[in-house]
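> need a 3D model of the sequence below.
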Amino acid sequence: MYPKRQWKARFTRSEFYRGWVFFVLYLLVFPLFTGWLQMILSQRFDFFLQAPEFGLIYYFLLLCAALLLFWSFLRQSFDILLDDLPENLTAFLVGLVGGGALHVLFCCIPLPVEDPNPASYSYSFYLSPAATVVVLVLLMPILEEIFFRGLLFGSLRSYSRGLAFAVSILGYGLFCVLPFVWTPTGPNPAYLLLLLRYLPMSAALTWCYDRGGSVWSAIALHMALNGLVLGLSLL
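Next up is the predicted model:
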């Protein structure tokens, strides 16, 4: 069993409730709102930003909100990172090697649909390299690990470690692929097969958080893996 001190960083009751409200807004409301806002700014005010630049502003504001809402959890997690640095460093390195290698291997599995993300990353990098790197490699990993590992996995782990792993891994995988299912011509369930491409990364991140005990080690791993994915998309 892992030392209990690794799991002393928990959301306070108020952070827990704020977290789930913020999580639902992040999944369902904010994407629609930002799309509407982009349309209004470009059509009515003739103000247009490239998608990576708009994404940079969007994720920076979300990160600021997350720091304010979950400061206690993030600070305690940082203390755990320093107190249990060998465990967290080991979890990071194993997750990086295992998750990275499995991601490359799983990407070689032939599927009836293509993953739109590599082309999207490459195009975003062409439009704005700096904004793309900051969003994909720095900002998104912090937010997604707070939600999928800190909140989702952490909430379930005290009840069932196996259930926490399953929900966190599948939940993040579905989060990555569900937007592709709804195509302009209607739903295409074949895109759900892309889940195979995201399971290794999701499993590595969840294992890293569980093994190291600090969400910051999972954040660092997520940053490294996103950097790998971005780099591969530019080849």
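
> can you show me the helices along this structure?
13-24, 30-44, 51-69, 71-83, 85-107, 116-127, 129-133, 140-145, 154-157, 161-181, 195-212, 215-233 (DSSP state H).

> which one of the ones you listed lies closest to N188?
helix 161-181 (6.0 Å; Cβ to Cβ). Bear in mind the C-beta positions are built from the backbone N, C-alpha and C, glycine included.

> wait, what's in contact with the most centrally placed residue in the chain?
The centre of the chain sits closest to E144, judged by Cα atoms, centre = their mean, with a distance of 3.3 Å. Contact analysis of E144 by Cβ atoms under 8 Å, 6 or more residues apart in numbering lists Y172, F175, H222.

> not counting residues beside it along the chain, what's closest to the last one?
If I follow you right, that is H222. Among residues not flanking H222 along the chain, P141 sits closest, at 3.5 Å (Cβ to Cβ, 6 or more residues apart in numbering).

> just to check, that neighbour is in contact with N226?
Yes - between P141 and N226 there is a contact under Cβ atoms under 8 Å: 5.9 Å.

> give me the distance between the two termini of stretch 77-88.
End-to-end distance of stretch 77-88 (Cα to Cα, to the nearest Å): 11 Å.

> show the average pLDDT along it.
The average pLDDT within stretch 77-88 is 94.

> which parts of that stretch are buried?
Neighbour-count burial for stretch 77-88, counted by 16 or more other Cβ atoms under 10 Å, picks out S77, I80, L81, D84, E87, N88.

> how about stretch 21-36?
Buried residues in stretch 21-36 (16+ other Cβ under 10 Å): F22, F23, Y26.

> what about that stretch, start to end distance?
Stretch 21-36 has its terminal residues 21 Å apart, counting by Cα to Cα.

> hmm, back to that, out of the helices of the chain, flag the one nearest P189.
helix 161-181 (6.5 Å).

> relative to helix 30-44, how tilted is that closest one?
Helix 161-181 and helix 30-44 meet at an angle of 30 degrees, taking axes from the mean of the first three to the mean of the last three Cα atoms, to 10 degrees as the criterion.

> how near is the residue nearest to the centre of the chain to Y198?
12 Å (Cβ to Cβ, to the nearest Å).

> report the set of residues contacting both of those two.
Contacts common to E144 and Y198, judged by Cβ under 8 Å, 6+ apart, are Y172.

> L28 and P200, how far apart?
The gap separating L28 from P200 is 27 Å, by Cβ to Cβ.

> apologies, that question was intended for R10.
To P200, R10 is 28 Å away according to Cβ to Cβ.

> likewise D46?
Distance from D46 to P200, by Cβ to Cβ: 44 Å.

> more crowded one of these two?
Between D46 and P200, counted using other Cβ atoms under 10 Å, the more crowded position is P200 (23 against 7).

> give me the neighbour count for L170.
Using other Cβ under 10 Å, L170 has 15 neighbouring residues.
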